[in-house]
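Student: Here is a sequence together with a model predicted from it:
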Amino acid sequence: MSRDPFDWIDAHAERRRAAGLVRTLRPRPAASPLLDLASNDYLGLARHPEVTRAGADACLRWGAGSTGSRLVTGSTELHAELEAELAAFCGFEAALVLASGYAANLAAVTALSGEPGTLIASDSGNHASLIDGCRLSRAATEVVPHADPDALRKVFAGHEGPMLAVTDSVFSVDGDAAPLGALAAVCREQGAALLVDDAHGLGVLGPGGSGAAAEAGLAGAPGLVCTATLSKSLGSQGGVVLGPARVIGHLVNAARTFIFDTGLAPAATGAALGALRLLRREPERAVRARAVARELYERLVEAGLDATAPDACVVSVRAPSAEAAVAWAARCREAGLAVGCFRPPSVPDGISRLRLTARADLTDREIGDAVGTIVRTAPPGP
């Protein structure tokens, strides 16, 4: 008697339901009535007329899709223009644009650890895309304690082969920043390369929003490679790897998520370029985004909630359980406020949270309304 080959999925679904970990899609309308503290649109550029026009114009000129991989027909003059301007803005020799930030991290980790005997040291708080890159690389990987340069030194000490340290610049769960200066010093001392995912730093940290590497005085350092997404501060979509020209050339020839993936669509490429040029003219957006995050944090702590101090634009507020976090986020939504809800396995420490993302275009009144809603709907003992 034949069995349904997907019966095993039901058991997994039941375990998720019992643990309060079921995830569902919630399509949003084009014009949402909710106050948004859930998206990653840190600079408020996703709907900026200049950015959307740049995307529309690129679509009309170059077509709806890139038509192929970057090595076949998917590279346009627009892609090259964006890469040159991103490299110059962030202070690196060269840049390579990919279809997503996730693809950029997979590309960078796997291509930079392909030499036999490579040892990767990965921060315990790293994003899933970096973790997956380490797994796909098949290189020996040591998970090191969070933001701990001394632990990194111990892992690398005595290793004879190539070494690669991998870290977020700003960690997506609690919004804390990695000690990049100290990590870079350890890597120089040990002869290791440093790969930094600047997804939450680009557009927010550094002079004019030029990123965490610039903030730490490391932009363009010979042993440093940075990745970033174009879908957060730049309000578009796609990913980028920034580093020495020889590293970028190596990725073009060795990174599977670059070689075998369709190139970034022209609309997203044009929108990201438009957002980058707008940010260069209006660097105060980066300052405002950080100020909004700090104000959210201070007001929440003053109200008695357990919030994390932001190093960039992410503020998390701890909840007593996964179920309480889900219910809290739902009450916020019913009150007109969209917030993120992070639960296992998305959180490395197993503690569920509301995750708030500051935006440069939030008004003082909107900040007050958001804090009031979060406090009013909080569960007992968060």
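Tutor: All right, it came through fine.
Student: Need the distance between the two termini of stretch 301-310.
Tutor: End-to-end span of stretch 301-310 (Cα to Cα, to the nearest Å): 12 Å.
Student: Run through who's touching the biggest helix by length in the chain.
Tutor: Among the segments of the chain that qualify as a helix by DSSP state H, the longest is helix 284-302. Applying Cβ atoms under 8 Å, 6 or more residues apart in numbering, the external contacts of helix 284-302 come out as 37, 42-45, 175, 203-206, 208-209, 233, 279, 307-310, 312-315, 317, 356, 358-360, 362, 367-368, 370-371, 374-375. All C-beta atoms are positioned from the backbone trio N, CA, C, and that covers glycine.
Student: for that helix, which positions count as buried?
Tutor: 285-286, 288-290, 292-297, 299-300 (16 or more other Cβ atoms under 10 Å).
Student: so can I have JSON lines of these showing distance to Gly158 and pLDDT?
Tutor: As requested, the buried residues of helix 284-302 are arranged in JSON lines below (distance: Cβ to Cβ, whole Å; pLDDT from 0 to 100):
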{"residue": "Arg285", "distance to Gly158": "46", "pLDDT": "97"}
{"residue": "Ala286", "distance to Gly158": "41", "pLDDT": "98"}
{"residue": "Arg288", "distance to Gly158": "47", "pLDDT": "98"}
{"residue": "Ala289", "distance to Gly158": "43", "pLDDT": "98"}
{"residue": "Arg290", "distance to Gly158": "40", "pLDDT": "98"}
{"residue": "Val292", "distance to Gly158": "46", "pLDDT": "98"}
{"residue": "Ala293", "distance to Gly158": "41", "pLDDT": "98"}
{"residue": "Arg294", "distance to Gly158": "42", "pLDDT": "98"}
{"residue": "Glu295", "distance to Gly158": "47", "pLDDT": "98"}
{"residue": "Leu296", "distance to Gly158": "45", "pLDDT": "98"}
{"residue": "Tyr297", "distance to Gly158": "41", "pLDDT": "98"}
{"residue": "Arg299", "distance to Gly158": "49", "pLDDT": "98"}
{"residue": "Leu300", "distance to Gly158": "45", "pLDDT": "97"}
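Student: Can I get the buried part of the contacts of helix 284-302 as one PyMOL selection?
Tutor: Here is the PyMOL selection string for the buried members of these, based on 16+ other Cβ under 10 Å:
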select buried, resi 37+42+43+44+45+175+203+204+205+206+208+209+233+279+307+308+310+312+313+314+315+317+356+358+359+360+362+367+370+371+374+375
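Student: Of the contacts of helix 284-302, which belong to strands?
Tutor: Among the contacts of helix 284-302, the members falling in strands (DSSP state E) are Leu37, Val314, Val315, Val317, Leu356.
Student: which of those residues lies closest to Ala103?
Tutor: Ala103 has its nearest neighbour among these in Val314, at 22.3 Å by Cβ to Cβ.
Student: For that closest one, which residues are in contact?
Tutor: Shown in contact with Val314 (Cβ under 8 Å, 6+ apart): Val170, Ser172, Val173, Asp174, Gly175, His200, Ala293, Arg355, Leu356, Thr357, Ala358.
Student: Those residues: which two are farthest apart?
Tutor: Using Cβ to Cβ, the contacts of Val314 span at most 15.4 Å, a distance reached by Val173 and Ala358.
Student: Reformat the ones in strands among the contacts of helix 284-302 as a markdown table; add distance to Leu130.
Tutor: As requested, those are exported to a markdown table (distance: Cβ to Cβ, whole Å):
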| residue | distance to Leu130 |
| --- | --- |
| Leu37 | 25 |
| Val314 | 17 |
| Val315 | 22 |
| Val317 | 25 |
| Leu356 | 23 |
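Student: from these, which is closest to Ala13?
Tutor: Closest approach between those and Ala13, by Cβ to Cβ: Val317, at 28.6 Å.
Student: pLDDT weak spots in the stretch 1-150 of the chain?
Tutor: The model of the stretch 1-150 of the chain has pLDDT under 70 over residues 1.
Student: if we can go back for a sec, centre of the chain to the longest helix of the chain, how far?
Tutor: With Cα atoms, centre = their mean, to the nearest Å as the basis, helix 284-302 stands 19 Å off its chain's centre.
Student: same question, stretch 138-147
Tutor: The gap between where stretch 138-147 is centred and where its chain is centred comes out at 19 Å by Cα atoms, centre = their mean.
Student: residues of that stretch that come out buried?
Tutor: Quick answer for stretch 138-147 (16+ other Cβ under 10 Å): Ala139, Thr141, Val143, Val144, His146, Ala147.
Student: quick one: which of the residues you listed is nearest Arg26?
Tutor: Checking the buried residues of stretch 138-147 against Arg26 with Cβ to Cβ, the nearest one is His146 at 31.1 Å.
Student: Report the contact partners of Arg376.
Tutor: Arg376 sits next to Ala335 when contact means Cβ under 8 Å, 6+ apart.
Student: do the same with Gly249
Tutor: Going by Cβ under 8 Å, 6+ apart, Gly249 touches Ala94.
Student: Where does it sit, in terms of helix or strand?
Tutor: Following DSSP states H and E, one finds Gly249 within helix 245-254.
Student: That helix: how far from the chain's middle?
Tutor: Computed by Cα atoms, centre = their mean, the chain-centroid distance of helix 245-254 equals 22 Å.
Student: Now it: average pLDDT?
Tutor: The average pLDDT within helix 245-254 is 98.
Student: likewise stretch 172-186?
Tutor: For stretch 172-186, mean pLDDT is 96.
Student: Quick check: buried residues in that stretch?
Tutor: Ser172, Val173, Asp174, Gly175, Asp176, Ala177, Ala178, Leu180, Ala182, Leu183, Ala184, Val186.
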